[in-house]
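> Fold the following, please.
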Amino acid sequence: MTESNKYVLGLDAGGTKIKAGIFDLTGEMIAIARRDNPCTTPQAGWVEIDPDALWQAAAESIREAIATSGIDASVIVGVAPTGFGNGVFCVDADCNATRPAINSGDGRAKDIFAQWKEDGTYSKAHPHTLQAGFPGQTAAIVRWMADNEPGALDATRWLLYCKDFLRMKLTGEAITDTTDATIAGLASPQTSDWSDEALEIYGLSSVRDKLPPIRQPIDEAGKVTPAAADETGLAVGTPVFGGLLDADACAVSAGCVDESSVVLVVGSWGNNQYITPTPPISEDLFIVGNYAMDGFYYILEGSPTSASNFEWFVREFFEAEKAAGENPYALCDAMVADTPAESDVMFLPFLFGSNASLNATGTFLNLRAGATRGAMARAIFEGVCFSHCWHMDRLLQYRDKPASLRLTGGAANSAVWSQMFSDFFGLPLSIPGGGELGCLGASICAAVGAGEFDSIPAACDAMAKPGKTYEPDMARHALYQAKYQRYLKVLSAMEGPWDELK
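Model prediction:
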């Protein structure tokens, strides 16, 4: 039996927000604090983050969460981070950035990605990495740095992932975990270690000593330093655990502990994923990585084609409402609900990258003078669903169709969008309870690491909560499937024009 006066803190750094959540050992969220993730686009196709600003946002979020909770920081028995995978944070030995961090939605390495696809480099590396690769993958980005910014790479002591940078700021220790390391194109999921063979194939053997030690998500990875305690309000010496990739964190908080579950993550990236002890091996499969549960792999199809497109829409078209104190997300929900599903405005959700073509960009189709913001919002909701359907089609080459789905990420906060996902797939869909699932997934790892539970499944049984379930409207399902077929035709027709417009 766990004690009620113990708490864990999960730190979740997504593509748009960074959040600190405090939970008790029943999974009840005691406090949450959020800040914007300071992403910038210094030129077309680039997505960067100011690491100092990110740490400041993280420290402020932690301090606010502790203050809001009303608890003493000394009863927080563990902290664990989660964050977006791939990209890269380049730091010196003291965790000072040697250049702005590069987000996984960044496209600067797309020519390297295309070359590696064409010349067989990815095929040679695949037996060692099991990854298909994409421009924002760490392997391609570090190769780009070696070719274009050798000085910054030489000045870098550690090549880290987002959550690992934040953990190093908390502890002073440079460490990563198996879930992040094994999807970056530089490590082997079979051995859970860096792959010297892949590094040699990519021409990156020289960076081997810049890659941090790899730990399990539940392993202790340092303690909060006095300097970090001053900035965050955490107690000096609080254990900080390995943590995990954000897609994994959402799956853990959704109670994904066996092969039956398929989890959709609708956030900065749109991910469809399941776990298995026996991974399929295919060069066409996007990601095979280590899961938070030792002995399991997570199988993922995804791309940066998800809710970040909607965040852009809200930012650009609802500034006046936000300034007036209105909730733009609630307004959009109402607008989408009031716009008929038969609306023929279409959106291709490629503002931050694509699963369709290397040069694809975000696109509205069928816009006419009478189009409303509601029609555009519905088109974005549907476009993100289209992209998830495309990924699900690929995923189901490797497993049976599930009986139901679990939905996580920003879209899970919208009843309108959640129902739409159920209707699109024609399947019952459940929303895990509790909210802030990235923070909860990280907190579950912290609770196991701190010895409060024997395993991830035991902690999920106590802390992961069931939430609302949606049943599909099969008439809407038929309508959306017809729209999806038109979407696929548009993707095929646009491939040539996108290449010409690049």
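
> hang on, residue 275 in a strand?
Yes: per DSSP: H, G, I helix; E, B strand; the rest coil, residue 275 lies within a strand segment.

> got the contact list for it?
251, 256, 257, 258, 259, 261, 291, 293, 296, 297, 298, 299 (CB atoms under 8 Å, 6 or more residues apart in numbering). C-beta here means a position set from N, CA and C on the backbone, and glycine is covered the same way.

> right, and the last one touches residue 271 too?
By that I understand residue 299. No: contact criterion CB atoms under 8 Å: residue 299 and residue 271 do not qualify, at 10.6 Å.

> between these two, who's got more neighbours?
residue 271 (30 against 24; other CB atoms under 10 Å).

> what about the more buried one, which helix or strand?
Assigned by DSSP states H and E, residue 271 belongs to strand 270-276.

> How about residues contacting the helix-or-strand element of the chain with minimal mean pLDDT?
Every helix and strand in the chain was compared by mean pLDDT, DSSP states H and E; the lowest is strand 39-40, with a mean of 87. The set of residues external to strand 39-40 that reach it, using CB under 8 Å, 6+ apart, is 15, 16, 47, 48, 49, 50, 100, 103.

> how close does the last one sit to residue 412?
Distance of residue 103 to residue 412, computed by CB to CB, to the nearest Å: 22 Å.

> go on, the first one?
From residue 15 across to residue 412, the span is 16 Å (CB to CB).

> before we move on, back to that, quick check: can you name the pairing partners of the least confident helix or strand of the chain and their directions?
According to DSSP bridges, strand 39-40 forms sheet pairs with strand 48-49 (antiparallel).

> before we move on, back to that, which strands and helices lie in contact with the following helix or strand past the strand holding residue 271?
Per DSSP H and E, the first helix or strand lying C-terminal to strand 270-276 is strand 287-290. Applying 3 or more CB pairs under 8 Å, 6 or more residues apart in numbering; DSSP states H and E, one finds that strand 287-290 contacts helix 178-181, strand 297-303.

> relative to strand 270-276, how tilted is the last one?
What that stands for is strand 297-303. 170 degrees (axes from the mean of the first three to the mean of the last three CA atoms, to 10 degrees).

> Quick one: the contacts of strand 39-40 as CSV, columns for distance to residue 57 and neighbour count too.
Compiled in CSV, the contacts of strand 39-40 are given as follows (distance: CB to CB, whole Å; neighbours: other CB atoms under 10 Å):
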residue, distance to residue 57, neighbour count
15, 13, 26
16, 12, 16
47, 17, 25
48, 15, 19
49, 10, 24
50, 10, 16
100, 15, 20
103, 15, 25
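
> Which element, helix or strand, includes residue 107?
Residue 107 belongs to no helix or strand, assigned by DSSP H and E.

> List the residues that contact it.
The contact partners of residue 107, taken as CB under 8 Å, 6+ apart, are 45, 46, 47, 135, 136, 353.

> swap the cut-off to 10 Å and go again
44-47, 113, 134-136, 140, 304, 352-354, 358-359 (CB atoms under 10 Å, 6 or more residues apart in numbering).

> buried ones in the longest helix seen in the chain?
Secondary structure assigned by DSSP state H gives helix 474-501 as the longest helix of the chain. Using 16 or more other CB atoms under 10 Å as the test for burial, helix 474-501 gives 476, 477, 480, 483, 484, 487, 491, 494, 498.

> Then stretch 251-268?
Going by neighbour count (16+ other CB under 10 Å), the buried part of stretch 251-268 is 251-257, 259, 261-268.
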